[in-house]
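>>> Structure of the sequence below:
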Amino acid sequence: MTTMPLRRRLLAEFVGTALLVTVVVGSGIAAAQLSPNDIGLQLLENSTATVLGLAVLILMFGPVSGAHFNPVVSAADWLLGRRTGTGMTVTDLGSYAVAQISGAIVGAILANVMFDLSAFQIASKDRVTTGHLVGEVVATAGLVALIFTLARTSRAGLSAASVGAYIGAAYWFTSSTSFANPAVTIGRIFSDTFAGIAPGSAPGFIGAQLIGGLIGLALIVSLYPDAAATADDVVVPHHPDHATPN
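Numbers count the residues shown, from 1 in each chain. Next up, the predicted model:
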């Protein structure tokens, strides 16, 4: 298990998740302003910025915290590694989730402010349909399976490009545009813009994401029964030898 101080990991998760939501929400606002009459082009602009931003953030914060930015990923890390002691502790899991959700809310507010909108907003865009919920299950299952496969096969160094590419593709092949992240879902409640989601839609999305995470983890355990040994390498290995000295 990493000995990186928890406070440093939490700072990385807070800032990283905040910037991720700023990228998602901010690029959605910009897309709506630049291409007001073309929803397809708006989505292309939004997804392109998200792919690039996510890859950069994984590279930036991965060596410190693993660059989870996602409570489902953190929970899967804990579930997979708890029998071998290679993953997160319960304290880590709870602390990561708080940092991620708090960061996501701050990120949405920051995006609003950057585009001269009201800082505090509540989204009004209802998104829940059966198709959207199925899309979130699929998107999250695929994301978890990808991340843990890369860790198990010693290819975690490819996570920035691979995870970014997967999320970019999932924007288009899922009806929900692949939130795949409870923290990001909660953050997007606080911007009534292109990327927003109404509070009433969020619980359904989060439930679908949790189910998808379990499915993705079950697939990994079936394909790689010894995957728990590499739980601490998710998303990016964050051992002391990858980090700067205290």
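>>> For stretch 121-133, give me every contacting residue.
112, 175-176, 188-193, 196-201, 204-205, 207-208 (CB atoms under 8 Å, 6 or more residues apart in numbering). To be clear about C-beta, it is placed using only N, CA and C from the backbone, and glycine gets the same treatment.
>>> To which secondary structure element is Leu143 assigned?
Here Leu143, judged by DSSP states H and E, is contained in helix 130-152.
>>> Could you pull up the mean pLDDT of the longest helix along the chain?
If you go by DSSP state H, the chain has its longest helix at helix 6-34. For helix 6-34, mean pLDDT rounds to 98.
>>> for it, packing partners?
helix 39-65, helix 90-114, helix 182-188 (3 or more CB pairs under 8 Å, 6 or more residues apart in numbering; DSSP states H and E).
>>> Minimum distance to Ser162: which of those helices has it?
helix 39-65 (9.0 Å; CB to CB).
>>> by how many degrees do the closest one and helix 90-114 diverge?
140 degrees (axes from the mean of the first three to the mean of the last three CA atoms, to 10 degrees).
>>> Could you look up the SS state of the residue in the chain sticking out farthest from the centre?
Relative to the C-alpha centroid of the chain, counting by CA atoms, centre = their mean, Asn37 is the outermost residue, at 28.9 Å. Here Asn37 is recorded as coil under DSSP: H, G, I helix; E, B strand; the rest coil.
>>> now for the helices and strands packed on helix 6-34, which one comes closest to Ala76?
Nearest to Ala76, of those and by CB to CB, is helix 90-114 at 10.1 Å.
>>> now the angle between helix 6-34 and the closest one, please.
Using the same axes, to 10 degrees: helix 90-114 against helix 6-34 is 30 degrees.
>>> Buried residues, helix 90-114. List them.
92-93, 95-97, 99-112 (16 or more other CB atoms under 10 Å).
>>> Who are the packing partners of that helix?
helix 6-34, helix 71-81, helix 182-188.
>>> Highest mean neighbour count out of those?
Across these, averaging neighbours per residue (mean count of other CB atoms under 10 Å) puts helix 182-188 on top, at a mean of 29.
>>> so how far is Ser159 from Phe61?
Distance, Phe61 to Ser159, by CB to CB, to the nearest Å: 12 Å.
>>> Mutual contacts of those two, please.
Ala67.
>>> For the residue nearest the centre of the chain, give me its contacts.
Using CA atoms, centre = their mean, the residue of the chain that lies closest to the mean C-alpha position is Asn70, 4.1 Å off. Contacts for Asn70 (CB under 8 Å, 6+ apart) come out as 17, 100, 143, 180-184.
>>> Need these in a markdown table (columns: distance to Ala55).
Below are the contacts of Asn70 laid out as a markdown table (distance: CB to CB, whole Å):
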| residue | distance to Ala55 |
| --- | --- |
| Thr17 | 15 |
| Gln100 | 18 |
| Leu143 | 14 |
| Ala180 | 15 |
| Asn181 | 15 |
| Pro182 | 21 |
| Ala183 | 18 |
| Val184 | 16 |
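>>> out of these, who's nearest Ser47?
Ala180 (12.8 Å).
>>> Report the separation between that closest one and Gln42.
With CB to CB as the criterion, Ala180 and Gln42 are 20 Å apart.
>>> who has more neighbours, the two?
More crowded of Ala180 and Gln42, by other CB atoms under 10 Å: Ala180, with 31 against 21.
>>> quick one, phi/psi of the more buried one?
phi 50, psi 30 (degrees, to the nearest 10).
>>> That one contacts Gly135, correct?
No: judged on CB atoms under 8 Å, Ala180 makes no contact with Gly135 at a distance of 9.3 Å.
>>> Can you check what angle separates the lowest-mean-pLDDT helix or strand in the chain from helix 6-34?
For the chain, counting by mean pLDDT, DSSP states H and E, helix 71-81 ranks last in confidence among helices and strands (a mean of 93). Per the same axes, to 10 degrees, the angle that helix 71-81 makes with helix 6-34 is 140 degrees.
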